[in-house]
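In: For reference, the sequence and a predicted model appear below.
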Amino acid sequence: DEQYVVDLFQRCKPSVVHIACSSPSRNAGFAPTLNPDSVPRNFGSGFVWDKAGHVVTNYHVVHNAHSAQVTLENGKKFPATLKGAEPDKDLAVLTIDAPPAELEPVAVGVSHRLVVGQKVFAIGNPFGLDHTLTAGIVSGLGREMHSITGHLLRDVVQTDAAINPGNSGGPLLDSRGRLVGVNTAATSHPQ
């Protein structure tokens, strides 16, 4: 039934955020003023963890960032502070000072109950396109892969749901809309 997918997306998309990070330009020292348009930007996705303003994303989305901004589903933007990171799991936690009423935490499931063939969904911001839904199945469990920052990630859930640049850090959801993983970009070289 297609309607349950439509309902799942409508129910879950308020939990998904867009993350934009900037880094000082390598040439900034030579310019009399720093032009914001010349600052390299890194984009990714994330999700609201709780009403206290914790946002989870991939470590590779925010590492080396000079600043980060989180955009909620309603379009409101908030500066973000890095609260903690676990590079070996490609995870980072940001905090934003947003009113709790505007934060919709993701429902949490359990990944250890996943089975190959189970339907899963990814919501993120690929190529800067806000709130894009892709669907697929669990293709494999217990995989190993290298993160973009070179860390070996273990016990990875493999899916055939399309994960494109900008999806990194967004939630992987089960068919009930519960978080069962964090989408990450894979390196292209064989493991």
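Out: Arrived safely. Numbers count the residues shown, from 1 in each chain.

In: Quickly list the domain ranges of this structure.
Out: Using automatic domain parsing, the domains assigned to the chain come out as 15-102, 107-182.

In: Show me what counts as buried in the strand ranked longest in the chain.
Out: The single longest strand within the chain, with elements called by DSSP state E, is strand 132-146. By 16 or more other CB atoms under 10 Å, the buried positions in strand 132-146 come out as Thr132, Leu133, Thr134, Ala135, Gly136, Val138, Met145. The way it works is simple: take the backbone N, C-alpha and C, and place the C-beta from them, glycine included.

In: Output the below-cut-off pLDDT ranges for this structure.
Out: By pLDDT under 70, the weakly predicted segments of the chain are 24-40, 186-191.

In: Phi, psi for Thr149 please.
Out: Main-chain torsions, Thr149, degrees, to the nearest 10: phi -90, psi 0.

In: burial count for the spatially closest residue to it that is not a sequence neighbour?
Out: With sequence-adjacent residues excluded and distances taken as CB to CB, 6 or more residues apart in numbering, Thr149 is closest to His60, at 5.0 Å. His60 is flanked by 22 other residues according to other CB atoms under 10 Å.

In: The helix or strand hosting Val156 vs strand 132-146, what angle?
Out: Val156 is part of strand 152-159, with elements assigned from DSSP states H and E. Put simply, strand 152-159 runs at 140 degrees to strand 132-146, going by axes from the mean of the first three to the mean of the last three CA atoms, to 10 degrees.

In: Can you list the buried residues in strand 152-159?
Out: Going by neighbour count (16+ other CB under 10 Å), the buried part of strand 152-159 is Leu153, Val156, Val157, Gln158, Thr159.

In: Give me the residues contacting it.
Out: For strand 152-159, contacts defined as CB atoms under 8 Å, 6 or more residues apart in numbering pick out 88-90, 111, 114, 120, 122, 136-147, 172, 180-181, 184.
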